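1. Prediction below, plus the sequence it came from.
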Amino acid sequence: MAKIELVGLGHKYPGNADYSLQPQTMTWQDGGAYALLGPSGCGKTTLLNIISGLLIPSEGQVLFDGCDVTRLPTEQRNIAQVFQFPVIYDTMTVFDNLAFPLRNRKLREPEVKSRVQEIAEILDLTGDLKRRAAGLSAEEKQIISLGRGLVRKDVAAVLFDEPLTVIDPHVKWLLRRQLKRIHQQLKLSLIYVTHDQIEALTFADQVVVMYEGQVVQMGTPQDLFETPAHTFVGHFIGSPGMNLLPCQLEGQSIRLGTQTLPIDSALAGKLASIGQPLTLGIRPEFIQLAEDGPTLDAEVLRLEDLGTVKLLTAQLAGQTIKIKLGEHASVNSDRVRLGFTPARTMFYADGRRVA
Amino acid sequence: MKPINNKAWLLVLPVVLCVAFSAVIPLMTVVNYSVQDILSPEQKVFVGTEWFKTVLRDPELHGALLRQIIFSATVLAIEIPLGIMLALALPAAGWRSSLALVLLAMPLLIPQNVVGTIWQIYGRTDIGLGGVALHALGTEYNYASNSLHAWLTVVVMDVWHWTPLIALLAFAGLRAIPEAYYQAARIDGASRWAVFRYIQLPKMRGVLLIGLLLRFMDSFMIYTEPFVLTGGGPGNATTFLSQYLTQKAVGQFDLGPAAAFSLVYFLIILLACFVFYTLLQQSQSADQKG
């Protein structure tokens, strides 16, 4: 296990003018469970393959515990990776599949045996060890792929590239829990690539959100929810995502269309120094129906009952806005007055959070 | 109960007629010949299994069968590993790959008798490039008088002609392996040999079995190339089954024994194909069951 540092790391694929991965610097702590979250094509897999050494970056460095491994081939890095589709060695038994990475590294056979037994125990494969791997189901094959990733003791990190794509939804949930348990048991560093926010938020201590080849935020699930650092994070995390409303600063208040919302003077001062078009961001969870205090007037479009919550869609200053209301809330007129929780009201300029 | 519609027979009739005229009647004629001694079209004597007994005891036939088996085994043992090696060495993509594939496929496009002629001339010690070169190197190479040299030439010719087929099949099998397998193998620290043994070879097994079957049947029926190249000689050193059969049927006009022999030949090939087919089926169901 090791601390992984990326220093000024960026990558352009040959013949491509644009960066697939924007140059960036970041640190992945030893023993952490990280999720790398982002839409398809945002550079997640590129980043993962650079860490594992399947891809040599066009610039920057990868350090494992301070050691530069940027140009070291995969087999010489202590790294394990599990792929989107199960990779198993058809002609081998389950045992031999799990033993393969160890035997390739010339581990002594008794050691191989005890290590494989241990992993088989954790993954509930003990009964299947003598079976031929070719006849297993997709889930079982993927569990074996996971096992091959976990079986080596000395790995700096185990990387998962959307490993649960081929798994049935109900098994997915079980496997994720199992992974989390394994992480706590073995204290491995795990990096888990996914485009599914639920998967990321339930699995990881730290979620790294990527967007257009760039890491836009690294934080706990709570950070991502409460203080998104980028409009993309606000929009991508949460269901429905954050409301994003273009606005202007006007002295001590914010103008949204024809209405104004007063803000405190420190914030106003901060926003005044930006000098760029501003966007107000607020999550549907942090808007209430209000009678007094500073409120904004909105036109009701529809109210949907989602069981435990009610989702109100309204129009405010020409923008559609979503509001999550309690189960018993009711809206009787076609206009509502909305109160924004000041501490949860964010401001963005050019996508990035400024206040 | 379903009403029986006899019109269906009418619809099948054209196919039945075609097959009858092209396969069933000729085959029955052969069966007919094999149990009779035909002195002239008017004079026929029923001889029962006499011809079969003669044929099965014929030492020349035993020799031809033995040579046939050795020939098929030799070319398979060379062509399959060589074809796999070629496929592994081929560039995976780009114009180099296309060029290599086209060059490789070239021998497959040449008709058998032309292949025979090419090698017949190539091996000649007076005007052939190969023959002259071997002589210049100080060997006594002469495929027309030395049995071993004749054998070597026939085998090399077959390898030259048919290894590309195995190479193309193996290449197709290799291209069907997803990139993730190679990546996983690198992560697992697999050696080049382990990648071949545990990923490439198992994934190529299906196409290789088909290649094996095709090459076995083809080599077991080989006729034209050795006929053009060596004429079966020297002596009958390179006379294989089909050439021996032709000699009997067309050369000596021994229709009875030739007919009995072709039925035996047919049964041998049928048996071999059945064994292959069964093995193929077994390995496939083993794949599914695990």
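-> Structure received.
2. burial count for A:Leu201?
-> Applying other C-beta atoms under 10 Å in any protein chain shown, we find 19 residues neighbouring A:Leu201. All C-beta atoms are positioned from the backbone trio N, CA, C, and that covers glycine.
3. And it, how close does it get to chain B?
-> Here A:Leu201 is placed at a distance of 26 Å from chain B (C-beta to the nearest C-beta, to the nearest Å).
4. Just the element for that residue, please.
-> According to DSSP states H and E, A:Leu201 maps onto helix A:197-203.
5. chain center to that helix: distance?
-> The chain centroid and the centroid of helix A:197-203 are separated by 7 Å under C-alpha atoms, centre = their mean, to the nearest Å.
6. which parts of that helix are buried?
-> Within helix A:197-203, the residues that count as buried by 16 or more other C-beta atoms under 10 Å in any protein chain shown are A:197, A:199-201, A:203.
7. Then stretch B:58-75?
-> B:58, B:61, B:64-65, B:67-68, B:71-72, B:74-75.
8. Repeat that for stretch A:101-114.
-> Applying 16+ other C-beta under 10 Å to stretch A:101-114 flags A:101-103, A:107, A:112 as buried.
9. Narrow those to those in helices?
-> With DSSP state H as the criterion, helices contain A:101-103, A:112 from among the buried residues of stretch A:101-114.
10. TSV for those, including distance to chain B and pLDDT?
-> Output for these, formatted as TSV (distance: C-beta to the nearest C-beta, whole Å; pLDDT from 0 to 100):
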residue	distance to chain B	pLDDT
A:Pro101	4	90
A:Leu102	9	91
A:Arg103	9	91
A:Val112	13	91
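11. Pick out whichever of those residues sits closest to A:His170.
-> Nearest to A:His170 out of those is A:Pro101 (C-beta to C-beta; 29.5 Å).
12. Could you list the low-pLDDT ranges of the stretch 1-150 of chain B?
-> B:1-2 (pLDDT under 70).
13. In this structure B:Phe71 contacts B:Ser219, no?
-> Yes: in this structure B:Phe71 lies within contact range of B:Ser219 using C-beta atoms under 8 Å: 6.5 Å.
14. Now for these two: what residues contact both?
-> B:Asp158 (C-beta atoms under 8 Å, 6 or more residues apart in numbering or on different chains).
15. give me the element the residue nearest the centre of chain B is part of.
-> Compute the mean C-alpha point of chain B, and by C-alpha atoms, centre = their mean the closest residue is B:Asp218, 1.7 Å away. Using DSSP H and E, B:Asp218 falls within helix B:201-220.
16. Show the contacting residues for whichever residue of the stretch 251-355 of chain A sits closest to chain B.
-> Relative to chain B, the nearest point of the stretch 251-355 of chain A is A:Gly351 (33.5 Å; C-beta to the nearest C-beta). Applying C-beta under 8 Å, 6+ apart, we find A:Gly351 in contact with A:216, A:230-232.
17. Quickly note the distance from it to A:Gln276.
-> 11 Å (C-beta to C-beta, to the nearest Å).
18. how about the strands in the stretch 151-300 of chain A?
-> A:157-161, A:190-194, A:206-211, A:214-219, A:243-250, A:253-256, A:259-262, A:278-282, A:287-289, A:296-305 (DSSP state E, counting those that start in this stretch).
19. What pairs with the third one, parallel or antiparallel?
-> Which is strand A:206-211. strand A:33-37 (parallel), strand A:214-219 (antiparallel) (DSSP bridges).
20. Touching that strand from outside, list them.
-> Contacts for strand A:206-211 (C-beta under 8 Å, 6+ apart): A:26, A:29, A:32-39, A:42-44, A:47, A:200-201, A:215-221, A:224, A:230, A:232-233, A:236-237.
21. So which residues of the stretch 101-250 of chain B form helices?
-> B:112-122, B:129-136, B:147-175, B:179-187, B:192-195, B:201-220, B:224-229, B:241-246 (DSSP state H, counting those that start in this stretch).
22. Spit out the contact partners of B:Val132.
-> By C-beta under 8 Å, 6+ apart, B:Val132 lies in contact with B:125-126.
23. Over to A:Ser333?
-> Here A:Ser333 is in contact with A:Val300 (C-beta under 8 Å, 6+ apart).
24. Would you list the phi and psi of it?
-> phi -110, psi 180 (degrees, to the nearest 10).
25. Over to A:Trp28?
-> According to degrees, to the nearest 10, A:Trp28 has phi -110, psi 120.
26. Number of residues surrounding it?
-> A:Trp28, neighbours per other C-beta under 10 Å, totals 22.
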